[in-house]
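**Q** Predicted model and sequence below, questions to follow.
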Amino acid sequence: MKSIQKNLLVALSAVLILSGFAICGSYAAGWLAGGMAAAVAFITLPFVGSILPSLTRSLARPAGIDNDGIHTSPVTFRGLPGIALAVSFTMFYVVIYFGDRLTIAGTSVQHVLQKSLYSLLDPISLIMRGAPSDQWFFYGTVYTAAILAFGLRMIIKYRHSRYQIIRTVSVMGFQLFFAYLIPSLLSLFKQPAFYFSYFWPLKPEYLYPYKWAELAGRGIQTPGFWFLAFALIMTFVATPVLTYFLGKRWYCSWVCGCGGLAETMGDPFRHLSNKSLPVWKFERWIVHGILAAIIVITILLWINSATSGTIFGQASALLAEWYGFYIGAIFSGVVGVGFYPILGSRVWCRFGCPMAAYLGIIQKYFSRFRITTNGGQCISCGNCSTYCEMGIDVKWYAQRGQDIVRSSCVGCGICSAVCPRGVLKLETGPVSSRRVWEIGV
C-alpha cells in the first residue's frame, strides 16, 4: 500500500520538476507553453510513474482485482496531488477549447501554443492528414494515446475477466480507428473528417440542417451524404435495436470515446462517484433535461431552415451555439474530464451526456439487458457499490435479490468483477422476466 503511494508521489514529483524545466525553458513561448507541457506531462507521466509499477505488481500476483491503496492514496482519494491533477486536466481542456479566446501580451494563446507545442506533431500530421498539426490533432493524439496506454493497464489488471478484456480492446480499437485514424485519412483524401463512433444526440451537429447542407448538399454522389446517412441510421435504427438486445453497454462501454477514456484513464477514480439519493435525483433531472434541450434545439433549427428564418430568426442558431459552448465544451470536456480526480470518472456520462439519457430510457423500459442478483449469497461487503462509476448503490439491489435495471448503468461489469461471492451477473432475457420493483429511471 505504501509502495503504491510512493510510486504515485514520485510520478507527481517528476511532473512538477519537468514542469519547472518546461516553464523556465520556454523563453519564446512564455510560461503558458510550459504550463501546457505540464498538463500534457500530467497525462503521460503516470504511464511511467504509476502504470508500469502497477503492471509489474499485477503480473507478479495471481490474476484478480488489485485495488490496494486506492482509498489511501492522495492521488486517487482527493488529496492535494489529486487536486493538482484535476487542475492540470482542467487547464489542458481550457487551453485546447478556448485558446483562441485567451490572450497574453496581445498574442492569442492558440498562436503561442501552435508555434511552441502543436507544431511538434507536424511530421505525423502531414503524413496522416496532409496538413500541419493544430490543437485538435494534438488533442486527438494525446486523447488516443491515453486510452491506449491506460487500456493496456486495464487489460492486465482485469486479465482474469474475458468480458473486461473484450470491452477494453473494443474501446481502444474504436478510438484508434474510428475517432482518430479514419477521420485523419479522410482529411488526407480531401473528404470531410467524419467521426463514425459519434452521432446525434452526442454529436448534435450531425443532425443540424447546416451540416446536411454542407456535407450532403450536392446529393447522394458525395461521401458526405452517406456519412450523414450512416449517422442517421445509427441514431434512429441501430441504437434502439442494439440497446434492446444488449443494453446501453454496447455504446457506453464498448464504442464511445468519452466512455473509453473514463474506463481506462478514469479507472483509478471510479470509486469517487457519489451514491446518495439526492445526487441520483439531481442526475435524473439534469441529464434528461439536456436531452430535451438538444431535441428542442434540433427541431427549432429545422423549422427555421424550412421557413428561411422567418419564424425564429437567429434565435435557434444562438441556442445551438450556447449548447455547443456550455454543454459540448465546458461540461463534456473541462468538467467531464477535468474533475475525474474529484467527482469520479463518469461525471459527463452520468450528468450531461444526452446519448446516455437516450440509451438509458430504452434500457430502462424496453431492453433485455439486466444485472441479476443472488441475494442469498450477498455478504454486504459493499464492493459493488464502491466501484460503481455511475453512482448506483448496487448493494441495495443485491441485498433484496432485485435485478438492476437502471437507466444510468453502462454495463461495465466492474460490480460483478469485484464481487467476492459471484452475486452479480450481466444477463439478457425477456423484458417481462425482469425482477424490478423500483419506480423511476
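**A** Arrived safely.
**Q** drop to CA atoms for contacts and neighbour counts, all remaining ones
**A** OK.
**Q** for Ser197, helix, strand, or coil?
**A** Classification of Ser197 into helix, strand or coil gives coil, according to DSSP: H, G, I helix; E, B strand; the rest coil.
**Q** Could you give the number of residues near it?
**A** 17 (other Cα atoms under 10 Å).
**Q** same check, this time on the one 10 residues further on
**A** When neighbours are counted by other Cα under 10 Å, Leu207 registers 21.
**Q** Now for the closest residue to it other than its chain neighbours: which residues touch it?
**A** Here the nearest residue to Leu207 in space, its sequence neighbours aside, is Trp200; by Cα to Cα, 6 or more residues apart in numbering that works out to 6.3 Å. Applying Cα atoms under 8 Å, 6 or more residues apart in numbering to Trp200 gives the contacts Tyr206, Leu207, Ala231, Leu232, Thr235, Met355.
**Q** now swap in Arg368 and tell me
**A** Contacts of Arg368 by Cα under 8 Å, 6+ apart are Tyr244, Phe245, Leu246, Gly247, Thr428, Gly429, Pro430, Val431.
**Q** now swap in Val334 and tell me
**A** In this structure, Val334 makes contact with Phe89, Thr90, Met91, Tyr93, Val94, judged by Cα under 8 Å, 6+ apart.
**Q** Okay, helices next: where are they in the stretch 201-350 of the chain?
**A** 209-216, 223-233, 239-246, 249-252, 257-264, 277-306, 315-323, 336-338, 340-343, 347-351 (DSSP state H, counting those that start in this stretch).
**Q** out of those, deepest packed?
**A** helix 336-338 (a mean of 27; mean count of other Cα atoms under 10 Å).
**Q** rewinding a little: can you tell me which of the contacts of Trp200 lies closest to Met265?
**A** Checking the contacts of Trp200 against Met265 with Cα to Cα, the nearest one is Met355 at 21.1 Å.
**Q** Now do the SS call for the closest one.
**A** What three-state DSSP gives for Met355 is helix.
**Q** hang on, the earlier thing: do you know which of the helices of the stretch 201-350 of the chain lies nearest Asp100?
**A** Nearest of the helices of the stretch 201-350 of the chain (Cα to Cα): helix 315-323, 16.4 Å.
**Q** That closest one versus helix 209-216: what angle between them?
**A** Between the axis of helix 315-323 and that of helix 209-216 there is an angle of 90 degrees, by axes from the mean of the first three to the mean of the last three Cα atoms, to 10 degrees.
**Q** Show me which positions of the helix or strand hosting Ala84 end up buried.
**A** Under DSSP states H and E, the secondary-structure element containing Ala84 is helix 80-98. Neighbour-count burial for helix 80-98 flags 81-97 (criterion: 16 or more other Cα atoms under 10 Å).
**Q** now do stretch 109-128
**A** Applying a neighbour-count criterion of 16+ other Cα under 10 Å, the buried positions in stretch 109-128 are 109-114, 116-119, 122, 124-125, 128.
**Q** Just the terminal-to-terminal distance for it.
**A** Using Cα to Cα, to the nearest Å, the gap from the first to the last residue of stretch 109-128 comes to 25 Å.
**Q** and it, how far out from the chain's middle?
**A** Its chain's C-alpha centre lies 24 Å from the corresponding centre of stretch 109-128 when counted by Cα atoms, centre = their mean, to the nearest Å.
**Q** Val394: which of the helices of the stretch 201-350 of the chain is closest?
**A** Closest of the helices of the stretch 201-350 of the chain to Val394 is helix 277-306, at 12.7 Å (criterion: Cα to Cα).
**Q** and the closest one with helix 209-216, angle?
**A** With the same axes, to 10 degrees as the criterion, the two stretches helix 277-306 and helix 209-216 enclose an angle of 60 degrees.
**Q** Need the mean per-residue confidence for helix 277-306.
**A** On average, the pLDDT along helix 277-306 is 95.
**Q** Distance check, the closest residue to Ile311 other than its chain neighbours against Pro204.
**A** Spatial nearest neighbour of Ile311, excluding adjacent residues (Cα to Cα, 6+ apart): Asn304 at 6.3 Å. Separation of Asn304 from Pro204 (Cα to Cα): 16 Å.
**Q** And for Ser119?
**A** Using Cα to Cα, one obtains 30 Å as the distance from Ser119 to Pro204.
**Q** can you check Tyr118 too?
**A** Here Tyr118 is placed at a distance of 27 Å from Pro204 (Cα to Cα).
**Q** and of the contacts of Arg368, the nearest to Asn67?
**A** Of all the contacts of Arg368, Gly247 has the smallest distance to Asn67: 27.4 Å, by Cα to Cα.
**Q** quick one, phi psi at that closest one?
**A** For Gly247, the backbone dihedrals are phi 80, psi 180 (criterion: degrees, to the nearest 10).
**Q** Not counting its own residues, what contacts stretch 405-416?
**A** With contacts defined as Cα under 8 Å, 6+ apart, stretch 405-416 is touched by 163-164, 247-249, 252-253, 350, 356-357, 359-364, 369-371, 383-385, 387-388, 390, 392, 394, 422-426, 436, 441.
**Q** So for that stretch, what gets flagged as buried?
**A** Neighbour-count burial for stretch 405-416, counted by 16+ other Cα under 10 Å, picks out Val405, Arg406, Ser407, Ser408, Cys409, Val410, Gly411, Cys412, Gly413, Ile414, Cys415, Ser416.
**Q** can you put these in JSON lines and add secondary structure, pLDDT and distance to Ser133?
**A** Output for the buried residues of stretch 405-416, formatted as JSON lines (DSSP: H, G, I helix; E, B strand; the rest coil; pLDDT from 0 to 100; distance: Cα to Cα, whole Å):
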{"residue": "Val405", "secondary structure": "coil", "pLDDT": "93", "distance to Ser133": "44"}
{"residue": "Arg406", "secondary structure": "coil", "pLDDT": "93", "distance to Ser133": "42"}
{"residue": "Ser407", "secondary structure": "coil", "pLDDT": "94", "distance to Ser133": "40"}
{"residue": "Ser408", "secondary structure": "coil", "pLDDT": "95", "distance to Ser133": "37"}
{"residue": "Cys409", "secondary structure": "coil", "pLDDT": "96", "distance to Ser133": "37"}
{"residue": "Val410", "secondary structure": "coil", "pLDDT": "97", "distance to Ser133": "34"}
{"residue": "Gly411", "secondary structure": "coil", "pLDDT": "96", "distance to Ser133": "36"}
{"residue": "Cys412", "secondary structure": "coil", "pLDDT": "95", "distance to Ser133": "34"}
{"residue": "Gly413", "secondary structure": "coil", "pLDDT": "95", "distance to Ser133": "38"}
{"residue": "Ile414", "secondary structure": "helix", "pLDDT": "95", "distance to Ser133": "38"}
{"residue": "Cys415", "secondary structure": "helix", "pLDDT": "95", "distance to Ser133": "41"}
{"residue": "Ser416", "secondary structure": "helix", "pLDDT": "94", "distance to Ser133": "43"}
